[in-house]
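A.B. asks: turn this into a structure:
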Amino acid sequence: MQRETTNVRLRITSPTLTAADIEARLGIKADESWKIGDRTGTFGAILKDHGYALDAVALYTLKLDDHMRAMIKRIAPVAQKVGEISGEAKVEMVCTLFCRTAPPIAFTRDDIRWLAAIGASLDVEVGMLVERAQPASAETMPGDKEGPASVFRAPTSGS
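C.D. replies: Got it, this is the predicted structure:
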């Protein structure tokens, strides 16, 4: 059974500023970083930008607004510096939710103003968790009287 999770991440990407450059300016070590040419994903796509990411320090099971508050609290001391970096790099607040039912997604005016102050765009990604019904038996599938392997079985002498 998959677990419902929520995560908020500040992601800064740039073709010129490296993660080390951003870390030096902000004074906060990245939770994850990457550089141009690194490979990512199942198919090994080559990254075209340097990247720096910070995750909200909150339990994955908390609500979206709790994660936003945790992120705001984490980077509030360097908000002005992030705003300065946004002129040279792409700054995004990425909210990722995996849930069984459609979640309420709302942001306060203060959240929106805060994102504007740091020059960040907002990206909300929602993944729906679907529990798949397991067949009653590994041998017999619904609608298959002989089982899934019947196509590959050698005919018996009576057939």
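A.B. asks: mind jotting down where the helices sit in this structure?
C.D. replies: Ranges of helices within the chain are 19-26, 64-75, 79-85, 109-117, based on DSSP state H.
A.B. asks: could I get those as CSV with distance to residue 124?
C.D. replies: (Glycine included, C-beta is placed from N, CA and C.) Shown next, in CSV, are these (distance: least, Cβ to Cβ, whole Å):
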stretch, distance to residue 124
helix 19-26, 23
helix 64-75, 8
helix 79-85, 19
helix 109-117, 12
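A.B. asks: and of those helices, who's closest to residue 2?
C.D. replies: Minimum separation from residue 2 across the helices of the chain (Cβ to Cβ) falls at helix 64-75, 18.1 Å.
A.B. asks: mind giving me the packing neighbours of that closest one?
C.D. replies: Applying 3 or more Cβ pairs under 8 Å, 6 or more residues apart in numbering; DSSP states H and E, one finds that helix 64-75 contacts strand 5-14, strand 50-55, strand 90-99, helix 109-117.
A.B. asks: looking at these, which is closest to residue 30?
C.D. replies: strand 50-55 (4.7 Å).
A.B. asks: the bottom helix or strand of the chain by mean pLDDT?
C.D. replies: Using mean pLDDT, DSSP states H and E, the weakest-scoring helix or strand in the chain turns out to be strand 39-40, at a mean of 90.
A.B. asks: sounds good, over and out.
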